[in-house]
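K.L.:
This is a predicted model, with the sequence first.
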Amino acid sequence: MKIAFSTTGLEMNSPIDPRFGRSEYFIILDEKDNSKQIIDNSAITSVAHGAGPRTAQKIIEAGVGVLITGNGPGNNAARVLNTSGVRILVGAGGMTVDEAYRAYKDNKLKQF
Amino acid sequence: MKEIVFISGKGGTGKTSITAAMSYLLGGNCILADCDVDAADMHLVTRPQAILSEIFFSGVEAKINTSLCSSCARCFQICRFHAINAGGTGFSVDPLSCEGCGYCFHICPEQAISLPERKVGIFQISQTRFDNILVHAELDIGAENSGKLVTKVKKEARKLAEKEKINIILVDGSPGIGCPVISSLAGAGYVVMVTEPSRSAFHDLQRVHILLSKFGLPAGCIINKCDLNEKISSEIKDFLVSREIALLAEIPFSRSFSDAMIAGKTIMETDAENIILKINNSWDIILKQISGEDT
Amino acid sequence: MIIAIASGKGGTGKTTLAVNLSAFLAEKRKVILADLDVEEPNSGIFLKGRQVHSEKICRMIPEWIERTCIMCGKCQELCRFNAVLKIPDRIMLFPELCHSCFACSELCPTSSLPMHGETGGILYHSIISKKLQLVDSHLEIGQVSAVPLISATISYLKGIAASDDLLIFDSPPGTSCPMLEVTKSAEHVILVTEPTPFGFHDLKLAIKTMEKLDKSFSIVLNQAGDEFDSTIIEFCHSANYRIIACIPYMRRAAELYSAGRLLYQEIPVIREALSVIANNLQLA
Ligand code: SF4
Ligand code: SF4
């Protein structure tokens, strides 16, 4: 299972970005082989409207199964994520990526 | 780091005055981000000195190179915004009508149309007289606020907060309930809704609350001018109780706010002790609620 | 004749002036008030009447025809507003982001994105009294742009207005596109301001906008009676801007407003101010 985290940095101890659509990076953890991949979403800052669906598009193109973020995506982005059945978990704002991963494993994150 | 966002929906509820009062209270312990760029008035009370100023671009605007134009009128025919003038001197674009959709650019057989970026305003970082930093922007006439601009203001505020090790960002949120408000709210740690007891403001409060609950954001409410209409005031309070929103303060109608503004001051710098007390008190409640969140 | 009432910022009393002036003038002549502040149409709170017509106002958005689409992705490339997205197995459309430019629709190589109408808001037309009608349009939540609804409402108004009707447009606040759309079509614009630094700052922006549009305009100073009045009055004098009325500040007015009542019927000073405006602009 590939898990995506919205984050402000590139490391496992980077903080979760509570935003989804305008989060500048995503760390994607592949549980199959524990490999890590980064999605650089920083070009999104130049998008005036509709950042959410654009970002969601990148997430599904990366084949993500679970998305972990803070406040949760807006309606449009959620629609895109739903088309490929991405599970959205929220409430990880204020955690680091590592902590959020553990919280996920312990079933402590809220379903969006 | 916590972002505290002040929003109101409808204009004229005193949101900016209250945000400015809080920033006075916090002084150098906070960064101010003015996302109410349609009416960026914060600088009138905080009287900032600019540290950095840059032109802000958003979207594009069509431009016709008349020397390449063969007057085929294709652009004129397809433009749904009537932005192409077919005057005596040849074809040109009316920048106030152009939506920046780029259709003409794609359809022009002579490649005479380009899509340069549109300058929409000025972005600024300044030092206020309360010893805090204000991140703000001023939009040009006819330019529209956007998620992009709000995000930029908040991003710079966050960067500065990190650099200066400041824990609180006060955000004067955008009005209305559209895309800019959603961007103002993105990443918020706490939301202060400033309302007044009028039908329209109450209506807006409810609409804004729908947004907040969708994002699961903790919120409190300040009822300004609370004695103007006791009936609506109590309806608002019932609403707050039913939605588990903290009532931060009820501030009676008072000339002191506009008197203070006219003197170029915040309410905290006047002798309206009653109100000052209430603002201090609301800040204490906010602080309690956000630190409770942290643990 | 079309008069627009606008202000650089919200909360200056623009709607209050629009409804009171309309009702006041309608004691003597025929008036249609149009609430074009479609994101916050509040005139209906003050003016209650009998609804005679309502209609859904449509705007054009594309619709995806899966059967003919070859998934070339051209539509996503064309749309500058991110309203079309190509994801692995389909094209997704986001109506709230669409500006109805027709580019994707008309440039799709297989014509797989025909445009169709979608409700963007609702227009209501009511008879308030013998001489007063109200048209107010309400933007649907989630619509990004108020402009298409405003322009459709203005076309409707032009259709129903008789030559002796005075049209009063309550404009959206601010100086962005929706405000331009409303004031563009008016013969004269009344800018409402209040004597505070915020009000003054926003008034200057509104004036710049009017000058850019080359519009005839005048100024009403609302909630006056403060030492700051003189700052605005002097500014207007020196630049030759016309202040047509000063409405004094009164707590009673704020109370009546929040109760959704008309002011001029209960406060003689306001009635007086309205008649000054009417005379100044020869509206009576
Ligand atoms: S441009 Fe037309 S054919 Fe190409 S992907 Fe879009 S809808 Fe399909
Ligand atoms: S009509 Fe224009 S704005 Fe709407 S989806 Fe098509 S290209 Fe985008």
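P.N.:
Perfect, thanks for sending it. Ligands and ions are numbered 1, 2, ... in the order given.

K.L.:
which helix is the longest one in the chain?
P.N.:
Looking at chain A here, since you left the chain open. helix A:51-61 (DSSP state H).

K.L.:
actually it's chain B I care about, not the one you picked
P.N.:
Identified as the longest helix of chain B according to DSSP H is helix B:273-294.

K.L.:
Is the longest helix of chain A in proximity to ligand 2?
P.N.:
No - Helix A:51-61 is not in contact with ligand 2 by Cβ under 6 Å from any ligand atom; minimum separation 12.0 Å. From N, CA and C alone the C-beta is placed, and that goes for glycine too.

K.L.:
After that helix, heading C-terminal, what element do we hit next?
P.N.:
Sequence order places strand A:66-68 as the next helix or strand after helix A:51-61, per DSSP states H and E.

K.L.:
got the contact list for the nearest residue to residue C:200 once chain neighbours are set aside?
P.N.:
Of all residues not flanking residue C:200 in the chain, residue C:232 sits nearest, at 5.6 Å (Cβ to Cβ, 6 or more residues apart in numbering or on different chains). When contacts are counted by Cβ atoms under 8 Å, 6 or more residues apart in numbering or on different chains, residue C:232 touches C:193, C:195, C:199, C:200, C:203, C:221, C:243.

K.L.:
Counting by contacts, list what the lowest-mean-pLDDT helix or strand in chain A packs against.
P.N.:
Least confident helix or strand, chain A: strand A:110-111 with a mean of 88, by mean pLDDT, DSSP states H and E. Judged by 3 or more Cβ pairs under 8 Å, 6 or more residues apart in numbering or on different chains; DSSP states H and E, strand A:110-111 is in contact with strand A:87-90.

K.L.:
Can you tell me what sits against the strand it packs on?
P.N.:
By Cβ under 8 Å, 6+ apart, strand A:87-90 touches A:65-73, A:78, A:81, A:104, A:109-112, B:216.

K.L.:
Return the set of buried residues in it.
P.N.:
Buried positions in strand A:87-90, judged by neighbour count with 16 or more other Cβ atoms under 10 Å in any protein chain shown: A:88, A:89, A:90.

K.L.:
ok, the first one to residue A:74 distance?
P.N.:
Put plainly, it is residue A:88. 12 Å (Cβ to Cβ, to the nearest Å).

K.L.:
For chain A, just list every one of the helices.
P.N.:
A:51-61, A:75-83, A:97-105.

K.L.:
okay, these, which one's buried deepest?
P.N.:
Comparing the helices of chain A by mean neighbour count (mean count of other Cβ atoms under 10 Å in any protein chain shown), helix A:51-61 comes out on top with a mean of 23.

K.L.:
circling back: nearest to residue C:61 among the buried residues of strand A:87-90?
P.N.:
Of all the buried residues of strand A:87-90, residue C:61 sits closest to residue A:88, with 26.4 Å by Cβ to Cβ.

K.L.:
can you tell me how far that closest one sits from residue C:97?
P.N.:
21 Å.

K.L.:
Not counting stretch C:82-92 itself, show me its contacts.
P.N.:
Residues contacting stretch C:82-92 (Cβ under 8 Å, 6+ apart): A:47, A:49-51, A:53-54, A:57, A:60-61, A:79-80, A:83-84, C:61-62, C:64, C:66, C:69, C:71, C:73, C:75-76, C:78, C:93-95, C:97-99, C:104, C:112-113.

K.L.:
If any of these are buried, put those into a ChimeraX selection.
P.N.:
Restricted to buried positions by 16+ other Cβ under 10 Å, the ChimeraX selection for the contacts of stretch C:82-92 reads:
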select /A:47,49,50,51,53,54,57,60,79,80,83,84 /C:61,62,64,69,75,76,78,93,94,95,97,98,99,104,112,113
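
K.L.:
Check the offset of the lowest-mean-pLDDT helix or strand in chain C from the chain's centre.
P.N.:
Least confident helix or strand of chain C, by mean pLDDT, DSSP H and E, is helix C:251-258 with a mean of 85. A distance of 23 Å separates the centroid of the chain from that of helix C:251-258, by Cα atoms, centre = their mean, to the nearest Å.

K.L.:
What average pLDDT does the following helix or strand past it get?
P.N.:
Where DSSP H and E defines the elements, the next helix or strand beyond helix C:251-258 is helix C:268-280. The pLDDT scores in helix C:268-280 average 92.

K.L.:
ok now do the residue nearest to residue A:40 when sequence neighbours are not counted, which residues does it touch?
P.N.:
Of all residues not flanking residue A:40 in the chain, residue A:25 sits nearest, at 6.2 Å (Cβ to Cβ, 6+ apart). Each residue near residue A:25 by Cβ under 8 Å, 6+ apart is listed here: A:6, A:7, A:8, A:9, A:10, A:14, A:17, A:38, A:39, A:40, A:41, A:42.

K.L.:
which parts of stretch B:113-121 are buried?
P.N.:
Buried, per 16+ other Cβ under 10 Å, within stretch B:113-121: B:113, B:115, B:118, B:120, B:121.

K.L.:
Filtering those residues by proximity to chain A, which remain?
P.N.:
Subset of the buried residues of stretch B:113-121 in contact with chain A: empty, counting by Cβ under 8 Å from any Cβ of the partner chain.

K.L.:
Out of these, the closest to residue C:133 would be?
P.N.:
residue B:120 (37.7 Å).

K.L.:
part of a strand, is that closest one?
P.N.:
Yes - judged by DSSP: H, G, I helix; E, B strand; the rest coil, residue B:120 forms part of a strand.

K.L.:
which other helices and strands contact the longest helix of chain B?
P.N.:
strand B:2-7, helix B:15-26, strand B:190-195, strand B:219-224, strand B:246-251.

K.L.:
Turn the ones you listed into a markdown table, including mean neighbour count, distance to residue B:260 and mean pLDDT.
P.N.:
Below are those laid out as a markdown table (neighbours: other Cβ atoms under 10 Å in any protein chain shown; distance: least, Cβ to Cβ, whole Å; pLDDT from 0 to 100):
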| stretch | mean neighbour count | distance to residue B:260 | mean pLDDT |
| --- | --- | --- | --- |
| strand B:2-7 | 25 | 17 | 92 |
| helix B:15-26 | 25 | 8 | 90 |
| strand B:190-195 | 26 | 16 | 93 |
| strand B:219-224 | 24 | 14 | 94 |
| strand B:246-251 | 20 | 13 | 94 |
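
K.L.:
So which of the ones you listed is nearest ligand 2?
P.N.:
Set against ligand 2 and scored by Cβ to the nearest ligand atom, those come closest in strand B:2-7, at 28.1 Å.
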